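1. 3D, please:
(2 chains)
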Protein chains: 2
Amino acid sequence: MRYLITLSYDGTNYKGYQTQPGLITIQEQIEKALTKINNGKKTAFTSSGRTDKGVHAKMQCGHADLDINITEYKLKRAMNSNLPEDIHVIKTEKVENNFHARYDILEKTYEYYINIGEYNPIERNYVFQYNYKLNVEKMQEGIKYLLGEHDFRAFVTESKEKENCVRTISKATVEKTTDNIIKFTFTGNGFLRYQIRNMVGILIKVGEEKESPEYVETFLNKKDRSQGGKTAPAEGLYLTNIRYK
Amino acid sequence: MRYLITLSYDGTNYKGYQTQPGLITIQEQIEKALTKINNGKKTAFTSSGRTDKGVHAKMQCGHADLDINITEYKLKRAMNSNLPEDIHVIKTEKVENNFHARYDILEKTYEYYINIGEYNPIERNYVFQYNYKLNVEKMQEGIKYLLGEHDFRAFVTESKEKENCVRTISKATVEKTTDNIIKFTFTGNGFLRYQIRNMVGILIKVGEEKESPEYVETFLNKKDRSQGGKTAPAEGLYLTNIRYK
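-> Next up, the predicted model:
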């Protein structure tokens, strides 16, 4: 029986999402809980995609196949009693056996938070502590160039010469949610590794008025990461929604 | 030269505010930084009052006497480069030598946050994860009984038979800030140890509809802590403002 599992987690104390030998990861914790519930049979968890070290999820999804027949509510309860306090199952649903948590994605949404006010120790792991002024209007102009279908090669940190880097972004906004907090929202059919943090990095340059809003388009068209740009830190990034077909 | 130092901190990783042998505390970290800046001369930090283990401060104040002459801005910078990332100096001010960070307090404000929605792993150390419905209107009726001058003995956890427990609360409110977050605000001329968390504990009983709003007055008038009541957990509590004469 295949289950779709929706969860949230605090990425602060993990070395990343994907299982790696010798490092405690989120995937490992989830698979450990699933294996225990599945009467000790090693059980895989296939997520919608990995999140990097320090990145959080208000909503992450994945599927797992269990040999036992357990109600959705009982599976949620069993998982939460076997997971550490920084990972939480919100919902479980029985799905068709051909459902796939990665291949069946329609859209994913990420949010990114920046503090432009005084350093806040309470939010140091949850909001990027930039702590300088940023011009939000300029960033609002610049972010529009990211909308639509583009080859996002320029925003990929690793060398991906052969990989298809064409993705479509259907929503890209930046706004102040309070006097000192800036929130970015990106929705698209998929994102490359570090893409969001690299897009935020370029937008910060625009917000600093070191580059014009049009520079976002210039940078995108270069299709070459080595042209520069900073990767915004992990702690400001949240996976917040996944829509399936 | 006496300095008034305003700071913020994340209480999660500390055993409490006050210096205790063998335990790392916030006071210890501040005094270590001050001592280093004051050319190694052991320097005391006298705060507005301690906060308990796990309690946070959006604003805490204290005074310290330094032998060196340092500008306010340079002292802020020097402290922040010597403090861990979960404690931050917001401001320093030169004050008169007879200023006292505890005795000269006019008013202190605390906030307390409860999540009545789904458990949120990202906020587990910053918002009390109650995760059940609470009747906010009933709590709003009940909280009014705490306003004004009262003997708050009933809300003190430790035996304080001989101590004066009369305090004045000038503001006591409870409201929803989002669908799932309830925020309490208390302003007063001073608060006893565990008083806020015990007041919140009684108000939760009212919100659960296990007690009527009038029970807050009944409980207050008992002047006896042993009559019951739960202490709300530390992680929801924030010291947020201190006003001086």
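
2. ends of stretch A:71-91, how far apart?
-> For stretch A:71-91, the first-to-last residue distance is 11 Å (Cα to Cα, to the nearest Å).

3. enumerate the residues of chain A near chain B.
-> With Cβ under 8 Å from any Cβ of the partner chain as the criterion, chain A meets chain B at residues A:8-10, A:56, A:58, A:80, A:85-88, A:90, A:118-122, A:124, A:126. Where you see a C-beta, it was placed from the backbone N, CA and C, and this is true even at glycine.

4. any stretches of chain A with poor pLDDT?
-> Scanning chain A for pLDDT under 70 picks out the ranges A:16-23, A:158-162, A:225-228.

5. try 90 this time
-> In the prediction, chain A carries residues with pLDDT under 90 at positions A:13-25, A:50-53, A:156-163, A:222-230, A:245.

6. how does it divide into domains?
-> Under the assignment named as automatic domain parsing, the residue ranges that make up the domains of chain A are A:2-95, A:107-244.

7. hmm, which of the residues of chain A next to chain B are the buried ones?
-> Neighbour-count burial (16 or more other Cβ atoms under 10 Å in any protein chain shown) applied to the residues of chain A next to chain B gives A:8-10, A:56, A:58, A:80, A:86-88, A:90, A:119-122, A:124, A:126.

8. max pairwise distance over the residues you listed: which two?
-> Considering Cβ to Cβ, no two members of these lie farther apart than A:Asn80 and A:Tyr119, which are separated by 34.0 Å.

9. need the strands for chain A, in chain order.
-> Under the criterion DSSP state E, chain A carries strands at the ranges A:2-9, A:46-47, A:56-65, A:87-95, A:105-115, A:128-129, A:148-151, A:166-176, A:181-188, A:237-244.

10. same list, these, but as JSON lines with distance to B:Lys15 please.
-> Conversion of the strands of chain A to JSON lines gives the following (distance: least, Cβ to Cβ, whole Å):
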{"stretch": "strand A:2-9", "distance to B:Lys15": "27"}
{"stretch": "strand A:46-47", "distance to B:Lys15": "37"}
{"stretch": "strand A:56-65", "distance to B:Lys15": "27"}
{"stretch": "strand A:87-95", "distance to B:Lys15": "26"}
{"stretch": "strand A:105-115", "distance to B:Lys15": "27"}
{"stretch": "strand A:128-129", "distance to B:Lys15": "25"}
{"stretch": "strand A:148-151", "distance to B:Lys15": "52"}
{"stretch": "strand A:166-176", "distance to B:Lys15": "37"}
{"stretch": "strand A:181-188", "distance to B:Lys15": "30"}
{"stretch": "strand A:237-244", "distance to B:Lys15": "30"}
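
11. looking at these, spot the one closest to A:Lys230.
-> When the strands of chain A are ranked by proximity to A:Lys230, the top entry is strand A:128-129, at 11.4 Å, counting by Cβ to Cβ.

12. which residues touch that closest one?
-> A:Tyr112, A:Tyr113, A:Ile114, A:Asn115, A:Tyr119, A:Asn120, A:Glu123, A:Ala232, A:Pro233, A:Glu235, A:Gly236 (Cβ atoms under 8 Å, 6 or more residues apart in numbering or on different chains).

13. now the fourth one: how far from chain B?
-> The one in question is A:Asn115. A:Asn115 sits 12 Å away from chain B, taking Cβ to the nearest Cβ, to the nearest Å as the criterion.

14. now do the contacts for that residue.
-> Contacts for A:Asn115 were tallied using Cβ under 8 Å, 6+ apart; they are A:Glu123, A:Val127, A:Phe128, A:Gln129, A:Tyr130, A:Asn131, A:Asn180, A:Ile181.

15. again, 6 Å this time
-> Neighbouring residues of A:Asn115 by Cβ atoms under 6 Å, 6 or more residues apart in numbering or on different chains: A:Val127, A:Gln129, A:Asn180.

16. and the end-to-end length of stretch A:186-202?
-> Using Cα to Cα, the distance between the terminal residues of stretch A:186-202 is 14 Å.

17. same check on stretch A:100-118?
-> 44 Å.

18. buried set for it?
-> Going by neighbour count (16+ other Cβ under 10 Å), the buried part of stretch A:100-118 is A:100-101, A:104-105, A:107-116.

19. pick out the residue closest to the middle of chain A.
-> What sits nearest the mean C-alpha location of chain A, by Cα atoms, centre = their mean, is A:Leu239, with 3.6 Å.

20. now it. Nearest residue, chain neighbours left out?
-> Of all residues not flanking A:Leu239 in the chain, A:Ala57 sits nearest, at 4.3 Å (Cβ to Cβ, 6 or more residues apart in numbering or on different chains).

21. quick check: bridge partners of the one you found?
-> For A:Ala57, the residues forming beta bridges with it (DSSP bridges) are A:Tyr9, A:Leu239.

22. verify the stated contact: it with A:Gly11.
-> No. With contact defined as Cβ atoms under 6 Å, A:Ala57 and A:Gly11 do not form a contacting pair (7.2 Å).

23. closest one to B:Gln29 among the strands of chain A?
-> Evaluated with Cβ to Cβ, the strands of chain A place strand A:128-129 nearest to B:Gln29, the distance being 18.5 Å.

24. which neighbours in the sheet does that closest one have, and how are they oriented?
-> Here, using DSSP bridges, strand A:128-129 pairs with strand A:105-115 (parallel).

25. now do the partner strand and strand A:56-65, the angle between them.
-> The directions of strand A:105-115 and strand A:56-65 differ by 150 degrees, with axes from the mean of the first three to the mean of the last three Cα atoms, to 10 degrees as the criterion.

26. what about strand A:105-115, distance to the chain center?
-> A distance of 6 Å separates the C-alpha centroid of strand A:105-115 from that of its chain, computed with Cα atoms, centre = their mean, to the nearest Å.

27. who are the contact partners of the residue lying closest to A:Leu75 once chain neighbours are set aside?
-> With Cβ to Cβ, 6+ apart as the criterion, A:Leu75 has its nearest non-adjacent residue at 4.5 Å, and that residue is A:Thr92. A:Thr92 is in contact with A:Tyr3, A:Ile5, A:Glu72, A:Leu75, A:Lys76, counting by Cβ under 6 Å, 6+ apart.
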